[in-house]
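**Student:** here's a sequence, model it:
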Amino acid sequence: MTTRLTAVSKRFGRTTALRGITMEVDRGVTGLLGANGAGKTTLLRIMATVLSPDEGELRLLGRNPRDAGDRLQIRRQLGYLPQQTGFYEGFTAYEFVDYVAILQEITGTRQRRSEVRRVLEAVGLTDQMHRHLRSMSGGQRQRVALAQSLLGRPRLLLLDEPTVGLDPLERIRFRQVVSELAREHTVVLSTHLTDDVAALCDQVVVLGHGEITFTGTVADLVTTAAGHVWLADMPDVAAAGWWRTGDGRYRHIGEPPRGARLAPPTVEDGYMYLTGRGT
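**Tutor:** Got it, this is the predicted structure:
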């Protein structure tokens, strides 16, 4: 098993960010789905060895991150895209990724240059690699951040809200990159966007207030809303949630009235119903 967390908890002062998290992830893509403040970023920071848990046990790539020697070996096989990347604005995309490669001890000049070009090509920035970061769009800068996380072909890749700022074409490229990597390695993807989960994830873990409220496949998450989604020509004020769709009908989530026209649920419906946003 690539990564295992057992009863992991983390507090910041009087605030409990994570409470008794137990989960296992292996090859493929595991999606961490939850609202802002659910604990996703804290969990990823612990898995990235940036934070230590207050309680519980953690094994990454079969090693114990509390041991200094094991922690060094973990970091050499780990890629991490934090929610906020500290860019050096005066660097070009190539210079920034090259700098990170040096920090990761890819010191052979020829090997490092080849690896930097490989990851920039993977995210579609070959023709932009010599532009300064300060002149790039938000989506381009996000792709640079993704590129640095791919250095060294990490066995464990941790991505915190990686599609923020990406346009539809950039998201498709991102999904291609992650899908290829996940064939051989482990990817943990934190997001609050159900589209990312539906498109990429083999396993879904839903977090709420620092606790796991659901673990299963995408299909399992969709099934939680089966029989609780319906369409009508007018909004039903008794529903827990509703909105007008593009065809003029109203989509509802909750407990349907007798004779309601039930609709096939989506990942978003399952998530909303599970977390109480549609109940």
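
**Student:** show me where the stretch 51-200 of the chain has helices.
**Tutor:** Per DSSP state H, counting those that start in this stretch, the stretch 51-200 of the chain carries helices over the ranges 68-76, 93-103, 109-122, 138-149, 168-182, 194-200.

**Student:** let me know which of those helices is tucked in deepest.
**Tutor:** Mean neighbour count (mean count of other CB atoms under 10 Å) peaks for helix 138-149 among the helices of the stretch 51-200 of the chain, with a mean of 22. Heads up, the C-betas are built off the backbone N, CA and C, glycines and all.

**Student:** my guess is Arg45 meets Leu58, correct?
**Tutor:** No: with contacts counted by CB atoms under 8 Å, Arg45 stays clear of Leu58, the gap being 11.8 Å.

**Student:** from Ile74, how far out is the residue nearest to Leu32 when sequence neighbours are not counted?
**Tutor:** Using CB to CB, 6 or more residues apart in numbering and skipping residues adjacent in sequence, the residue nearest Leu32 is Ser190, 4.3 Å away. Distance of Ser190 to Ile74, computed by CB to CB, to the nearest Å: 19 Å.

**Student:** what number of residues lie near Thr266?
**Tutor:** Close neighbours of Thr266, defined as other CB atoms under 10 Å, add up to 17.

**Student:** report the contact partners of it.
**Tutor:** Thr194, Ala198, Val222, Ala225, Val229 (CB atoms under 8 Å, 6 or more residues apart in numbering).

**Student:** if we use 7 Å, what do you get?
**Tutor:** Val222 (CB atoms under 7 Å, 6 or more residues apart in numbering).

**Student:** and what of Leu157?
**Tutor:** Residues in contact with Leu157 (CB under 7 Å, 6+ apart) are Gly79, Ser149, Leu181, His185, Val187.

**Student:** Ala145 too?
**Tutor:** With contact set as CB under 7 Å, 6+ apart, Ala145 has these partners: Leu81, Thr85.

**Student:** now do stretch 19-36, average pLDDT.
**Tutor:** Averaged over stretch 19-36, pLDDT sits at 93.

**Student:** ok, which stretches of this protein are strands?
**Tutor:** In the chain, the strands defined using DSSP state E lie at 3-12, 15-25, 28-33, 55-60, 78-81, 156-160, 186-191, 203-208, 211-216, 229-232, 241-244, 250-253, 261-262.

**Student:** elements contacting the second one?
**Tutor:** When you say that, I think you mean strand 15-25. Packing partners of strand 15-25 (3 or more CB pairs under 7 Å, 6 or more residues apart in numbering; DSSP states H and E): strand 3-12, helix 40-47, strand 211-216.

**Student:** buried residues in the second one?
**Tutor:** For helix 40-47, the buried set under the neighbour-count rule, 16 or more other CB atoms under 10 Å, comprises Lys40, Thr41, Thr42, Leu43, Leu44, Arg45, Ile46, Met47.

**Student:** my read: the residue nearest to Leu32 touches Leu44, true?
**Tutor:** Yes: using CB atoms under 7 Å, Ser190 is in contact with Leu44, at 5.4 Å.

**Student:** all good on my end, thank you.
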